[in-house]
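Participant: From the sequence below, what's the structure:
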Amino acid sequence: MSDKDLLKNRFAANLRSYNSLAVVQERICEELAELIGTHVPGKITRGLEVGTGTGFLTRRLLERYPDAEWTLNDLVEASECFLQPYVGGRKTQCYWGDAESLPAFGRPFDLIATASTVQWFDNLPAFLNRTQEMLAAGGRLALSTFGPDNFEEIRATTGDGLVYYTSAELAGLLKQAGLTIEEQKEYARRLEFGSPTDVLRHIKATGVNAIRKTRWTPRRLTDFETLYRSRFSTSSGTVTLTYHPILIVARK
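Facilitator: Residues are numbered from 1 along each chain as shown. A predicted model of the protein is given here:
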């Protein structure tokens with residue numbers, strides 16, 4: 001099974017829990033939609049969303065640009081049922097599959113938006129080059145991803161995790177792709193959980209676990225609990241999990 005197949009299966013298995021528990025991702029979508037509204041205040045004709053998930057960003061885009069023609073993409077086709085409440089009466093078409101293999105769709109887009117998706121890509125520079133080609137002159141790419149401090153507790157405890165670009169590296173990739181950054185922001189948000197096991201449950205329920213297949217034996221889980229508590233406990237007895245969002249709006 002490829003990494004993308006494993007990723008697809010894990011997200012598909014956790015769509016319902018994601019919709020209710022991915023509080024950080026939903027807030028990121030709110031913030032990204034606000035940035036988009038600031039930099040694209042008028043109407044648009046054609047938009048593309050990459051990685052719709054359960055529709056956190058989708059519904060905000062459709063509300064803000066109700067007359068636009070939208071192409072919606074996700075790796076997981078089962079996402080469609082979560083989008084149905086938002087797409088009724090709108091001009092939308094869905095393309096299910098790996099966003100790194102997206103077709104050109106024939107006409108340029110005024111806006112390409114993607115939230116909490118590109119950190120999974122095998123070749124982000126190539127994707128950014130393709131999005132630049134798919135944008136109309138003056139069109140915007142709005143994206144959110146995560147920075148190097150994301151899930152720092154997991155990486156420090158297990159040695160496992162995704163490799164993330166820094167803000168400066170992302171800015172460089174966008175410039176190389178022929179895009180001009182209009183706004184870029186980043187911050188850290190720490191959630192607190194009752195135990196390290198609760199952290200693992202949260203990561204599993206939101207589908208954002210590292211894509212490697214991990215076998216949690218009782219011994220390994222005990223060692224993980226002990227080490228995690230020793231490093232990342234708070235004064236109140238909880239443990240932390242760090243998110244490091246990066247949000248960018250860039251113009252062609």
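Participant: going forward, measure contacts between C-alpha atoms and count neighbours the same way
Facilitator: Fine.
Participant: partners of residue 112 in the sheet?
Facilitator: residue 48, residue 141 (DSSP bridges).
Participant: give the contact list for it.
Facilitator: Going by CA atoms under 8 Å, 6 or more residues apart in numbering, residue 112 touches 47-50, 131, 135, 140-142.
Participant: Please repeat the previous calculation with a cut-off of 7 Å.
Facilitator: By CA atoms under 7 Å, 6 or more residues apart in numbering, residue 112 lies in contact with 47-49, 140-142.
Participant: Pull out the buried members of those residues.
Facilitator: Neighbour counting over the contacts of residue 112 (16 or more other CA atoms under 10 Å) leaves 47-49, 140-142 as the buried ones.
Participant: Now flag whichever of the contacts of residue 112 is closest to residue 200.
Facilitator: Residue 200 lies nearest to residue 49 out of the contacts of residue 112, by CA to CA, at 29.0 Å.
Participant: For that closest one, report the pLDDT, please.
Facilitator: With respect to pLDDT, residue 49 has a value of 97.
Participant: That one reaches residue 69, doesn't it?
Facilitator: No: in terms of CA atoms under 7 Å, residue 49 does not count as a neighbour of residue 69; the distance is 11.1 Å.
Participant: Provide the contact partners of the helix ranked longest in the chain at residue level.
Facilitator: Longest helix in the chain by number of residues (criterion: DSSP state H): helix 23-39. If you take CA under 7 Å, 6+ apart as the criterion, helix 23-39 is touched by 56-57, 60-61, 115, 142, 247.
Participant: could you say what helices and strands the helix or strand containing residue 230 packs with?
Facilitator: Secondary structure from DSSP states H and E places residue 230 in helix 218-232. For helix 218-232, the elements it packs on are helix 152-158, helix 196-205, strand 239-243, judged by 3 or more CA pairs under 7 Å, 6 or more residues apart in numbering; DSSP states H and E.
Participant: any idea which of the ones you listed is most buried?
Facilitator: Between those, strand 239-243 has the highest mean count of neighbours, a mean of 21, where neighbours are mean count of other CA atoms under 10 Å.
Participant: Please spell out which residues along the helix holding residue 230 are buried.
Facilitator: Neighbour counts over helix 218-232 (16+ other CA under 10 Å) mark 224, 228-229, 232 as buried.
Participant: Redo these as TSV? Include pLDDT and distance to residue 179.
Facilitator: Shown next, in TSV, are the buried residues of helix 218-232 (pLDDT from 0 to 100; distance: CA to CA, whole Å):
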residue	pLDDT	distance to residue 179
224	94	43
228	97	41
229	97	43
232	98	39
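Participant: Closest one to residue 147 out of those, please.
Facilitator: Proximity of the buried residues of helix 218-232 to residue 147 (CA to CA) peaks at residue 232, which lies at 19.2 Å.
Participant: picking that back up, of the helices and strands packed on helix 218-232, which is nearest residue 218?
Facilitator: Closest to residue 218 of these, according to CA to CA: helix 196-205, at 11.7 Å.
Participant: Give me the distance from that closest one to the chain's centre.
Facilitator: 18 Å (CA atoms, centre = their mean, to the nearest Å).
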